[in-house]
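Enquirer: Whatever this is, show me its structure:
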Amino acid sequence: MRIDLILESGEPPERIAELSKLAEDNGLGGVWVSSTLSGRDPFLGFLAAAHATDRIHMGPIAVSPYELHPLKMATSLLSLNEASGGRAQIVVGGGGVIATRVMNLRPERRVRGVRECIEIIRQAATGLEMQYEGQLFTAKGYKAAWVTKTPPAIYAAANKPQMLRMAARCADGVMLTDKIVGQIAGVREIIDPELQRAGRDRAAFHLSNFWAWHVKKTRAEAETEARMNLTVRDVLSREKNLHFMSEADMRLVEKMRPSFLAALRKRSPVYEGVPERIIRSLVDNVTSCAGVDEIDKEIGRLQAFKSAGLTGIALRIYENPEEAIRLLGKRVIPVFA
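Expert: I've put the predicted structure just below:
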């Protein structure tokens, strides 16, 4: 199972390059940077890393065709791919957060939109002149004659059945978001029959998962960081919580939704009115939260992810990234090499 990293989207290019080189030296397989509302351009952010590294893969997660036209997305991705010697990667998603909040656009038919975006990028990567006319996007007369490298890997950001089925037919892989171990088998039950029907090799299809990694020197330090970022782990999802919560506790989480959102706005580890046992249960089940002395427990969780069907996992790290990268290189990578 390949171990990747997800870095802060606001880091400058020289910092991304520095951390990417350290990740490469410690045996990690890839580095991702989120395409966020207030972050730096994720393609430009990797150019320095492309020249500072030799092996590690790199790219943005998740870029929406409703925010950036697929043809412009293809140009940026292929430019990064050339600069990195064929090591670029991308996650295409239909979230459209920037489009809906800032540009006042209304993304529609998102599964179709992501599919057409993937098809456009794939055709552009051939270097041949395109005559693509989809239901949502058009790319005619485009020819990236300068393309020389192996095509970049194209993942789809997919969590729901329709997007997963489309990705199994059209993408090189899937990037899940904050799925726990108990949910992976259900994902494989959706994508594996679709891969078979499409005549695609199951072993060649990448299935990764965006996962929060809070492993620190002490459990207290790890828990504070995990709690500050807990709400973005989709903790209000009954689909996830039913794997480890009672019906009564799930109803309580839904009732306390304002408290979770308030903590997120404040970046606070305090959840007003929410029982401590609920917060601890969420932290323990939807993140990797541990002191260094407990890391074997989290290695066991990663092994369980692998056994359940993941071929990779992308670990979102936060404060002190050098410390996290070196710890992964020393304790985690040898287990999965």
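Enquirer: Tell me, how many residues neighbour A185?
Expert: Look at A185: counted by other Cβ atoms under 10 Å, it has 11 neighbours. Placement of C-beta: from N, CA and C, glycine included.
Enquirer: How about the contacts made by it?
Expert: A185 makes contact with 308-309, according to Cβ atoms under 8 Å, 6 or more residues apart in numbering.
Enquirer: The one 10 residues further on too?
Expert: L195 makes contact with 168, 201-202, 205, according to Cβ under 8 Å, 6+ apart.
Enquirer: quick check, nearest of those residues to S307?
Expert: Of all the contacts of L195, R202 has the smallest distance to S307: 15.4 Å, by Cβ to Cβ.
Enquirer: Distance of that closest one relative to G312?
Expert: Distance, R202 to G312, using Cβ to Cβ, to the nearest Å: 14 Å.
Enquirer: Can you check which strand is longest in this structure?
Expert: When the chain is parsed with DSSP state E, its longest strand is strand 206-216.
Enquirer: Alpha carbons of that strand, as CSV, please.
Expert: As requested, the backbone C-alpha atoms of strand 206-216 are provided in CSV (Å, rounded to 0.1, in the frame of the first residue of the first chain):
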residue,chain,number,x,y,z
HIS,A,206,-5.8,2.8,-7.5
LEU,A,207,-8.0,3.1,-4.4
SER,A,208,-6.8,5.7,-1.9
ASN,A,209,-8.3,7.5,1.1
PHE,A,210,-7.8,11.0,2.4
TRP,A,211,-7.1,10.3,6.1
ALA,A,212,-6.3,12.6,9.1
TRP,A,213,-2.9,11.7,10.7
HIS,A,214,-2.5,13.1,14.2
VAL,A,215,0.4,11.2,15.7
LYS,A,216,2.5,13.4,18.0
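Enquirer: any idea of the mean pLDDT for it?
Expert: Strand 206-216 comes out with an average pLDDT of 98.
Enquirer: in that strand, what counts as buried?
Expert: 206-216 (16 or more other Cβ atoms under 10 Å).
Enquirer: For the residue located most distally from the centre of the chain, give me its contacts.
Expert: Most distant from the centre of the chain: G141, at 32.1 Å, with distances by Cα atoms, centre = their mean. Contact analysis of G141 by Cβ under 8 Å, 6+ apart lists 129-131.
Enquirer: Backbone dihedrals for it, please?
Expert: phi 80, psi 10 (degrees, to the nearest 10).
Enquirer: how near is it to Y318?
Expert: Distance from G141 to Y318, by Cβ to Cβ: 44 Å.
Enquirer: do the same with K140
Expert: 44 Å.
Enquirer: Counting neighbours, go ahead and name the busier of those two.
Expert: Legend: neighbour count by other Cβ under 10 Å for K140 and Y318, higher for Y318 (17 against 10).
Enquirer: was I right about the more buried one contacting N229?
Expert: Yes: checked against Cβ atoms under 8 Å, the pair Y318 and N229 is within contact range at 6.9 Å.
Enquirer: Name the residues contacting each of those two.
Expert: Taking Cβ under 8 Å, 6+ apart as the criterion, Y318 and N229 both touch H214.
Enquirer: show me where the protein has strands.
Expert: Counting by DSSP E, the strands of the chain are 2-7, 30-34, 57-61, 89-92, 131-133, 138-140, 153-157, 173-177, 206-216, 288-291, 312-316.
Enquirer: deepest of those, which one?
Expert: Most buried of the strands of the chain by mean neighbour count (mean count of other Cβ atoms under 10 Å) is strand 89-92; its value is a mean of 28.
Enquirer: can you list contacts of that strand?
Expert: Contacts of strand 89-92 (Cβ under 8 Å, 6+ apart): 30, 32, 57-65, 73, 77, 114, 117-118, 121, 152-157, 171, 175.
Enquirer: swap the cut-off to 6 Å and go again
Expert: 57, 59-62, 77, 114, 117-118, 152-157, 175 (Cβ atoms under 6 Å, 6 or more residues apart in numbering).
Enquirer: Same check on stretch 247-264?
Expert: Residues outside stretch 247-264 that contact it (Cβ under 6 Å, 6+ apart) are 231, 238, 241, 271-274.
Enquirer: Now do the same contact list for V114.
Expert: Contacts of V114 (Cβ under 6 Å, 6+ apart): 92, 94, 156.
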